[in-house]
Structure formats: structure tokens, C-alpha cells
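Provided below are the primary sequence and the corresponding predicted coordinates.
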There are 2 protein chains.
Amino acid sequence: MQNVLDKYFYPKSLCIVGASSKPGSIGYELTRSVKEYGFTGELLLVNPKAEELLGYKCYPSVNDITSSIDLAIVLVPKKFVEQTITDLVNKNVKAIILVTAGFKETGKEGAEEEERILKIIKEAGARLVGPNCMGIINTQDEIKMNATFVAEKPQNGKMAFCSQSGAIGAAVLNTLRETDIRFSHFISVGNKADITENDLLEYWQKDDNISVITYYLESFEDGEKFTKYFIDGEVTKPVVVVKGGRTASGIKAASSHTGALGSSDKVVDAIMDQFGIIRADDLNDLFNIAKGFENFPMPQGNRIAVVTNAGGPSILTVDSLEKHGLTLAELTEETKSELRKFAPPQGSVNNPVDLLPGGTAEQFKRANELLAADINVDAVVSVFVEPVMVKALPVIEAINDIQSSVPIFQVVMPLPEFWEEYRRESKTKKPLFRNPENPAPVIAGMLKFKNRQTGDNRIKRNDSVSLNLNFEKYKDRFLTQEDVTVLADYYNLPVIKTTLVNVNDIGSVDIEYPAVLKAVGEEIIHKSDLKGVVLDIQNKKELLAEAEKMLESFNGMNIPVEAFMIQPYIQTKFELLVGGFRDPSFGPMVMFGTGGKYVEYYDDTVIRSAYLTGRDVDEMINGTKIGKIIRGVRGEQPVDMEGVKNAIKSVAQMMVNHKQITECDLNPLIVTGNNKLFAVDVRIKC
Amino acid sequence: MQNVLDKYFYPKSLCIVGASSKPGSIGYELTRSVKEYGFTGELLLVNPKAEELLGYKCYPSVNDITSSIDLAIVLVPKKFVEQTITDLVNKNVKAIILVTAGFKETGKEGAEEEERILKIIKEAGARLVGPNCMGIINTQDEIKMNATFVAEKPQNGKMAFCSQSGAIGAAVLNTLRETDIRFSHFISVGNKADITENDLLEYWQKDDNISVITYYLESFEDGEKFTKYFIDGEVTKPVVVVKGGRTASGIKAASSHTGALGSSDKVVDAIMDQFGIIRADDLNDLFNIAKGFENFPMPQGNRIAVVTNAGGPSILTVDSLEKHGLTLAELTEETKSELRKFAPPQGSVNNPVDLLPGGTAEQFKRANELLAADINVDAVVSVFVEPVMVKALPVIEAINDIQSSVPIFQVVMPLPEFWEEYRRESKTKKPLFRNPENPAPVIAGMLKFKNRQTGDNRIKRNDSVSLNLNFEKYKDRFLTQEDVTVLADYYNLPVIKTTLVNVNDIGSVDIEYPAVLKAVGEEIIHKSDLKGVVLDIQNKKELLAEAEKMLESFNGMNIPVEAFMIQPYIQTKFELLVGGFRDPSFGPMVMFGTGGKYVEYYDDTVIRSAYLTGRDVDEMINGTKIGKIIRGVRGEQPVDMEGVKNAIKSVAQMMVNHKQITECDLNPLIVTGNNKLFAVDVRIKC
């Protein structure tokens, strides 16, 4: 076997340690699930208090088992966990799932116990899923394993689902019969002490039973590694994620739930967007999007046709399409003229096409065929509200029969009886959508995957950079102006000409006027707020007077001034921000947007992972208001856009190269009246 | 009877004109619905081709009926409609519903036919619902009328629902057994030729069977009248709206659907927000919010406690709470210490409280009681994922039993069997929510209603304004500078001192320097774009030179310059926008935000109906980024905020007083370096 995850998902033998004979207990219900779903491998139960359970022999302990164990699921009380794990690795078991809770998620003591167990596992070359999880499922006929305590019988599909939360997993399994979600693999990863979303991403890429990968996550264990798979082009299957902990309160709740450190939601959004990972708003959208990938051909563009027997719901569909960046297709005259042949005269042959409540199965089929064949149409949404005079099933099935390379998504709003009837009688059982707003996020998600960047043109780490700069001395501190200059020179940052003088030497400087005078000192961060900046100084006399005044003022505040910085005074047209920071999970990030002293209030910035492409840079600029303005609007000349792009790329390269740098800010990066760029204040922190 | 709508909702006799004996037809199914639901009044059927239908005698025509008719529903083919309506009004029927379609929604010809019918109705002093609608329901025991063609048996509640779309109405009725939506009145209003949402708003306010009013709308027939009920304090019941046609494409689709002219979605949002009308995102939220008002006590604030047996779903709850402006309550030490007495040690007694999967009915009940009793808690959300060891029903029912003035909203994620069991066995049948994200919009909606403004302190029309100004000559044109000055003086707009001179008289002007020179002309709208503005002119010589250059340039473009405008040159610190416009439905509106030449790109404006209160003005300012900045941030002095507020109020008063004014712009309203306000360009259009 190549990958230990094969032992998890395709075990020939499964050992449940902690199988219980008490109905309602997890140990009993999990055993019952495995049996009832018809596990094809050997089932081995460990229970010291019983001889037999549900027809299977019970072993008093792991040590009593003679056959080999591919996968062990441990449900024993916490106090027995360490011994059980030891027994299992001694028996050379390589794949262990620890369902038992009470570890890292409960605080420091639990975290230490989790560490101890992990050490045992690692030393033995075994792997661990959990603790604090709820099991694993493989619906493939050759395995048929439902090793969770929800005794449903999931149907087979080509989706894989990994849930960080056991309860979300359980809630999804609880509703399978209503939602018609079908999957190949399910796994609950709990505290992710060892095996994480990253291992599964890599594994599912290579498993032919999987065509779409879905996650419910509350944290990214090692976001930089997660994105690395995308950067390296190793991910070729769509990945759809619901990320709990979007808001400050949610992140706090998630962190106390699994002890995970959260990235800000803006970072998560940026990462998803950049790497073509689809972020679903909720679980309903998650599985709808997954169904889209699994069951429908890929739309080739964003021009959508809508056909309906019901004006109101189609308006809700149209609203949701536009909200998701999709447009209503302009139908060809040929399509309209063909539609006119059978559409009711009081309906509409324009998009959205309205067949009125009397629209029949034959008419719906023909209209969908025509729309799917229109060269201006990339996807069709058919919205059917069941009226009294036309039964839903024949309409739905007629449309399901259409063979087309353009996807047709059906929304059905029928009487409740319809759903059972469809499950029973449909030939294709293609997924249907219940609400007019459902198809839009599915189509948008599929297009996002289709349009993702797969080329090998991202910024990469350059290991051969040699700088005369000692980062070590800067732990948690800002770099000196001299060292900032070293970096700015190396990375070609567009920094303004700067003269640094000792406070006592100001009389002897030889500079150009008009000039700007600034106070420099380790405690002087927000210079403007402290009145440490004087603009538009006309001559030497003014310079000396202002310098004296400034020193007095800082003396009064008891803040030491270490030096003066003098720069040419330039006329500001726009103030930009280019910056970088290091996310605790996703690593180096860059930022672009409106700069200046009101930067937090304007909140007009876009962030991206520093592993950038040129397209990413363009999207950053176009994603901000200021970015659109500086491209030249209302007849104005554009600013030096190459300069702006180079500044972003330079900061990105610097953040990627130097892991020591935690923050970097060019704010403001000034655009002058004649559209030149000058960074007048560069701050870099380690 | 006081109100003709009584005849619609509480008829003693109902006449179906176009009752049909063909199963599957609307005429048959509607008759069957009325019979099967058990209408308590007299049912009169008109069908010239049948003697009897479903046990009722059929009359050949309306004229053959001798008893009096309270309500008539007309389903006849379109060509018979006019005669039928004539017959009905001749028989003195005052309440008519016209289900038949093919009128205004199909174009000009249909609109004319609709006009003719309306004329007949109006001349007879009767009223009309429809055309192009799907009927009416009253679930009260004394009436029991389901006069729609969806033969469901709706359960009684205290909600009223008005749908502009028949299909949305049908889709909702189709799902009643799954969604447990209960209402008192339902009406489908179709093309709204006569009776509109406004009539129903007024009527339902006074009907004691109604406690919450809901709408699906695609347009507001007379938005100014709709808001008038709120302005006048006549609306005391919550109003919840789903508005289809949010986006440009959606508005276009809605307009071709019912021929209605749409307001922009930003206007609709502003109006809802301002008058405490709750705008739901979709139908699911609409009915959830309505259930909230009907079944739960009003939360007194936004501090929410969450209790759960399931970490993941509670994180999704917390995310949605914060997204809707709600906060996690800080529990008192007393509550936590009481919780500690029974909560599992590995769970959490902090908010969100986690009882772990083993949490029992007794524990859930006690925890909910404690949270509801905490003085820091305004509402409780209890999230229960059904695990194997604890059945859902006893937990849910134990919590339903709690008597509390603080609302407790329950989310349940059970096995499918639960729902039937709950419908069958629950004592209270209180509404439950299916997704962790559901309660947040409900609580936020209830709070919005609670915090609405009800006082009589809004801007009102002042009919006694007398101005030396003839608006009539300005149809679709901008006012001259002289007339702008008349209005600016009367309304105390903070306009900069302005000198207007003939192009030939510029040599003789006596002004202060530095100055700004601007070209004035009817075709000169965007002055900057046309280079019709020169700043910072230092002396007369410069002035004359720039004036000459400007004339040459406009001559070259063939744009006539009618005069020059000269103003003092001021140093700009911020550029604001204060403006007004007239919405086709909602009437006078005002706008505040970031001004200047990039106004569309910054898109930082808030709009409101001009019927403003002081709180509205504060909310407008705080709703923009620039509004927060000018209040003084980072140690800066605030600008003249009274001046800003007065400018907004003045423009609002002007828009309310003068119906002729369609647009008014103070852009930019400049904030100078010393925080004074100057409008340098005021444009007013009729």
C-alpha cells in the first residue's frame, strides 16, 4: 500500500476498541452501524466485559487478537486511551482513529495528554485521526463501511467530505434521506492532532473514487502547506469549503472548541479566491456545489438562460444570478423564433423565458433544448412551480432526458409528495434544487474552479538572496532606517530620497527645497499624530525653526527624538498603501489599497497570499476603489501602473524570501500630481 | 361593514364565475379547494355548461343568481371578462377578484383592456383584486375559505401574507406541510390594478386576527403612500417584506413580469431601514421572522446566549449572530457557577455553553432556564444535534415548557423521523429552526421592529413656502444660478460666495484672491471634465489670461459659455456630498457621503427618504466612511457637524416642499483646513 490513508478508507479488517453492549452508547451504536451497513472486511471487537456482541465475538483486549488489524477505532474512556494506543502500536497497527474526547479542546492538561499520545503514535510510525471525532465512512461497494454512530445507510457518490466538527458530521448524516447527499468518503477529523485536511487533500487527489473534495473546517492547521498543493499545481479536483468562525466571536468560539488558532476571515477569503478554492456560505450551498461538480457538465462561461412557468420565482433566480457575478444570456433571434412556435403568446420568449403555468413537459423539454443549444448560453436554469394542471414528475424527467454539453439546473417547487416519488421513479435521479436562489452559487462555484490559475508562474522563494542585514536582532521590533534602506534598495521599492541627520547636525545639511521634516525615534510610530511631520518647508531658516519647535514638543511629551529625516516635499494626488504581513497559518501575505492616515476608516484594501501571479496583482488593483481610480477615470491620465504593480510584487517577493519579516508597510505610497510614485514612509518589522 | 376588504376576507357568500367540471382546470380545482377546506358561507357557482358541480348547483350566468354576493372570483377566459365584470357590478357586487391573466403584464393592448375593466369597477364603486392572481385564503374557523387552486388545508395562525406573484404564493402553499407555516389571511394581488399592498397594510393594521404582516413584492405601487402609514405612526404591527428584483437584471425581469416600474434596490433598502420595515433575504427568512413575531416574546436587546450539545453548529450560529449585528452575552458569574453544578467538566459554561453530546433533556432545560434568567441575556438560542444517546423530542419539549419573558429559539438537527413526531406529539408546536444560521435574522428583525422610530418628529411638508421662483419653466432642466441662489438663501445652504459675470464683463470684476474661475453654461455639466475650472488664481492678470484660454477651449468644442463664475479659492481637507432626488415610487430622497469628482468610484453614500428625523441624519452620517472620519479621528478636531446636519436637513426640507425638484446636488461640499463648510457647486434640476 502506498498511503496509510488507504488503511483508513479501504481496510480489510476493522477493530473497534470499546465496543459496548449497551444500546444508545457510542460503542454499541457504532458497532451496529458497521454491521448494518454491511462492512465487507473482518470486524474485530474489543470489550473486556462481553463475550459476544451483535453476533461478533468480543476480545478482552487488543493483545488477544491474532489477525492483523488495518484500522482501529478507539472509543474507550479517556483513562484507558494511552494504554490502548500503546497496545495497538505494539501490535503494529498503523491506522488509528481516536473518537474519545477530552484532550486539547478542554485546555492545557488535555493538550499535554494529546501530545503524549501523539508521541507514542509517531514513534511507532503509525498515524492518528482525532481525538474528539466521530468516525469514518466509505460507501464503495467493495468496502461498505459506516464506522460512525449515526446508523444511516449513505448512498454512494463521488464526493469526499471531511468535517472538523463531529456534530456537523452527525447533523449532515442525520439529514441524508432528505437532502439526497451522496458521497464516497466521509471522515471526521476532530482535533487534527496528526492527520489534517492537508493529508486528505493530497490523498483524495489521487483516489479515483473521488471527483470533488469538500470540507467543513474551523481552522487551517497549516494553511501555507494547504495552499502549497494549489501553488504546485497538485490539485486538479474541485475543493469546496465551509469555514466556521467567520466573525470575531465565531473565531473565538471555534478556538475554544478545538483549541485552534484562527486566521482572520479576510485572509481566508483572500486565499480561497486566489487559489480557486470554492468557499460556500453554508452547508446547504456546500453540498449543492459538490452536486454541481459531480452531476453536471462544466459551464463554459457566465451567460445564463432561465426558463420557467412562474414569473416570481424566476425573478428571485435572476437576482441571485447577478449577485453571484453571472449574467442573463442574450438569446439569438433563431432561438426566440423557435420558442415562439410553441410558447404561449402571453408568455415570454426573452430571457427569462416564461411558459406560463400551463407549460407542459413537452414544452419545457423543447425550451430547455433550445436554450442549451443557443451559442450565447453557457448554462440553463429551469424553474418549475407545480401548478394544478401539470404534474411535476413528467416535466422534470423530460428535462433530465436532454443530452447536452451545457448544464441544465432544475429548480422544483412541488407538493411534498413529489420528493418521494422522484426518489422512487426517476431514471437518472439527477440532483434537483428546492429554491430559486440555489443554482447561482453552484454555477459561480463551478466557474471559479474552471477559471482558476494552474500555471507555474507564481512568485517563488529565492534562497540565494544575500543581504548585509542581521534580522536576528529585530525580534518583535521595527528595522532601523538604515536596514530599511538596504531592503528597499535590494527590492527596488520606490522610496523617496531621504536624508537622515543627527538632531545636532541639522544646521549643516544640504538639501533641496521645498522639503519635509520628520522626527525619527523608536517610540515615534504614528508621526502625524505626534506632530512629528512638517510639510512644505521653503528654506533653511524655516527648517531650523521647525526642527527646534519639534524637539521642544517631543521633549515636552518625554519621547526621545533620535534623528531627523528630511525628504523633498511632493504634491500628493492620491495616497496608496502597499504592505505585507505574515499570517499565523497561511504565511506571507500582501496588501494593496487606499493609504494615508485614514487607512482603517476607508477600509479599501485587498489582500492576497504573497505567492502571487501577475493576474493576482491585477485583481488586487481592480478589487479596490482606488485601484480603479488610478487607472485613469473621467479623462485623466493613468498613474504609473507598472510602478504600482512592481511595488506589490517586490513586497511579495521580500515577504516570501525573508521568513523573519512579519510586517511591512509602504504607507503612504504617494502618487504625485504628475503621476509618479514615492513611498515616503517605509516600516518593516520582524 | 366598514371596509370593503372585509367582504374579501370575511364573505358570507362567495361566487365563482368560471367554475369548471374538468378536473385539473383552475375552475375545477379552485372550486374543489373551497369545498374541501369547508367554506362556512354560501357558495355560488356560475357555469353555463353544467347543472351541478361537486354537489353545488351551477347558475348559467351571474344574472341568474338571486341571493346577494359578497365576494366574486372570476376565472372566465379573457374574452368574457369584461361582460362578467359588468354583470357583477350591475348586481351590486363590491368585491371582485379577477384571476384571469393576459392584461398589463402582456403589453400595451393588455394594459388598455385592464384600464377599461378598472373604469367599470370604479364607476360602480366596487373594488378589484388582480388581474393575473391566484386567489384568497382565510383560515379563521368562522370563514374557512381556501379560494385558491392549491387544494392544501392551511392551518390557522396570526400572520397575513400578500404575494404579488401567484407562483410564489403557489410555491409557498405547496410546501405548507413541510414548513409548518401557519397564517390567518393569504392574498395574491397580481397586477395590482386597484387593490395594492397599501390597502392591505391599512386593513391588516385593524384586523385583530392579524399580528404580523408579510409581503412578497416585485414593486411598490405607490411607495410614498406606503411609507406615509409609517410616517404617520399608523403602523403598529411588524411588517416583513421579500422584495424580488434586487439587481438590475432582476428589476428588468420583474418589470416585464407585471409591468411595474422598479425603484433601485438601494432606495428600497434605505426605506426599509429607515421605517423599521424588516427586509428578509428570501422566503425562508420571511416566514421564520414572521414566526418569531407571532410565537416568541420580544427580545429587549442584542445580547444573545447560545447553548448547545454540538460545538460546530454553535459556531455557525455565533457567526450568523455577529453578521446580523448581535453580540454574545457576557454571562454573570452566578449563571456560570449554577451551570457548573451540572454541566460536564469537559464542556463549557462560557457562552456558547456546551453540554456535549451527552447533554440530557433535564440539563438542556436547566441551562436554558439559567441563561434566560441571566440579567445580561436578551435572547437564548439552543442548538441541538440529535446524537444516538439522547432522543430529540424530550429535549425540545422540555425547553418548550420553559416560561420566560426572554425568547428561546431552538435549532434542531435530528433524524428525519423527528419532524412528523413533533407535529404529532408536541404540546405547544412552537416553531423550531432547522439550520444554525436561522435564528439570527429572526432576532435581528424583531429588534429592528422594536427599535423603530414611532414619534412625530419627522420633516413635514411646509405648504406656506413662498418663493420668487417659477419652477414651471424648468421641466427636465437645471435651474439657473440666480434661481439656485434664491433656493440656497431660503434654505440656508452653506454656499460659497459667488460672483457671476458676463463673459465680456470679466475685466471689470472686483474680487478677492486667490480665486477660482468656472465656466457656466447649460451644456456644461461636468465642469472639471471639460476643463471648465481653474483653481488658485493669484491676481487679475492671471484671471484674464485663464478666462481667455477657457473661452477658446470651449469655442473649440463648440460648447457655448454663458457666463463666468468666480469664487474664493479655499483649501480642501475633505470633499462631501449632500444631495437629493425624487424616486418614481418613494418620492423625495436625500443622500450624504464622500463627494468630489470620484463620487461614483468611492461609492460611499447613504440615502434616506427626505421625511427625516434627527436620528436618521445621525445614521446617515455614521453609515458612511467619510462621516466617521469628519467626526474627528486620530486626535483631529471634528468638522462643523451641526453644519453638515443642517445641510442634510435643509436639502430634505427643500425636496419635501417642492415636488417639482427632481435632483439637487451639493458636490463637493468642501470641508476646509479649519473645518468650515462650503458648497462650491450647487446644481438643482426639475
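That came through fine. Numbers count the residues shown, from 1 in each chain, chains lettered A, B, ... in the order given.

tell me where the longest strand sits in chain A.
strand A:572-583 (DSSP state E).

name every strand pairing with that strand and say which way it goes.
strand A:587-594 (antiparallel), strand A:663-672 (antiparallel) (DSSP bridges).

buried ones in the helix or strand containing A:Glu112?
Following DSSP states H and E, one finds A:Glu112 within helix A:108-123. The neighbour-count check on helix A:108-123 (16 or more other CB atoms under 10 Å in any protein chain shown) flags A:110, A:113-114, A:117-118, A:120-121 as buried. Glycine gets a C-beta too; all of them are placed from N, C-alpha and C.

report all helices and strands that the first helix or strand past that helix going along the chain contacts.
If you walk from helix A:108-123 toward the C-terminus, the next helix or strand you reach (DSSP H and E) is strand A:127-129. For strand A:127-129, the elements it packs on are strand A:95-98, helix A:108-123, judged by 3 or more CB pairs under 8 Å, 6 or more residues apart in numbering or on different chains; DSSP states H and E.

and the residue of the stretch 1-150 of chain A closest to chain B?
Nearest residue of the stretch 1-150 of chain A to chain B, counting by CB to the nearest CB: A:Glu29, 4.1 Å away.

neighbours around A:Thr593, how many?
Residue A:593: Gly, not Thr. Applying other CB atoms under 10 Å in any protein chain shown, we find 23 residues neighbouring A:Gly593.

got a list of what it touches?
A:576-577, A:599, A:602, A:604-606, A:624, A:626-627 (CB atoms under 8 Å, 6 or more residues apart in numbering or on different chains).

from those residues, which is closest to A:Thr247?
Distance to A:Thr247, by CB to CB, is smallest for A:Thr605 among these, at 18.8 Å.

need the pLDDT of the closest one.
At A:Thr605, the model reports a pLDDT of 94.

with A:Met557 instead?
Predicted confidence (pLDDT) for A:Met557: 89.

isn't it right up against A:Leu530?
Yes - between A:Met557 and A:Leu530 there is a contact under CB atoms under 8 Å: 7.1 Å.

so for the two, which sits in the more crowded spot?
Shown here are A:Met557 and A:Leu530; by other CB under 10 Å, A:Leu530 has more neighbours (18 against 11).

helix, strand or coil: sort out the more buried one for me.
Taken by DSSP: H, G, I helix; E, B strand; the rest coil, the conformation at A:Leu530 corresponds to coil.

now for the residue of chain A positioned farthest from its centre: which residues touch it?
No residue in chain A sits farther from the centre than A:Lys541, which is 57.4 Å out by CA atoms, centre = their mean. For A:Lys541, the contact set (CB under 8 Å, 6+ apart) is empty.

that one and A:Thr499, how far apart?
Applying CB to CB, to the nearest Å, the value for A:Lys541 to A:Thr499 is 18 Å.

again with A:Ala679
Relative to A:Thr499, and taking CB to CB, A:Ala679 is found at 16 Å.

who has more neighbours out of the two?
More crowded of A:Ala679 and A:Thr499, by other CB under 10 Å: A:Ala679, with 21 against 14.

pretty sure the more buried one sits against A:Thr672.
No - using CB under 8 Å, A:Ala679 is not in contact with A:Thr672; the gap is 12.0 Å.

what's the mean pLDDT across the longest strand of chain A?
On average, the pLDDT along strand A:572-583 is 94.

buried ones in that strand, by neighbour count?
Residues of strand A:572-583 classed as buried by neighbour count (16+ other CB under 10 Å): A:574-583.

sorry, back to before: can you tell me which of the strands paired with strand A:572-583 is most buried?
Most buried of the strands paired with strand A:572-583 by mean neighbour count (mean count of other CB atoms under 10 Å in any protein chain shown) is strand A:587-594; its value is a mean of 25.

residue contacts, whichever residue of the stretch 201-350 of chain A sits closest to chain B?
Closest residue of the stretch 201-350 of chain A to chain B, CB to the nearest CB: A:Gly312 (2.5 Å). Contacts for A:Gly312 (CB under 8 Å, 6+ apart) come out as B:163-168, B:171, B:216, B:218, B:244, B:257.
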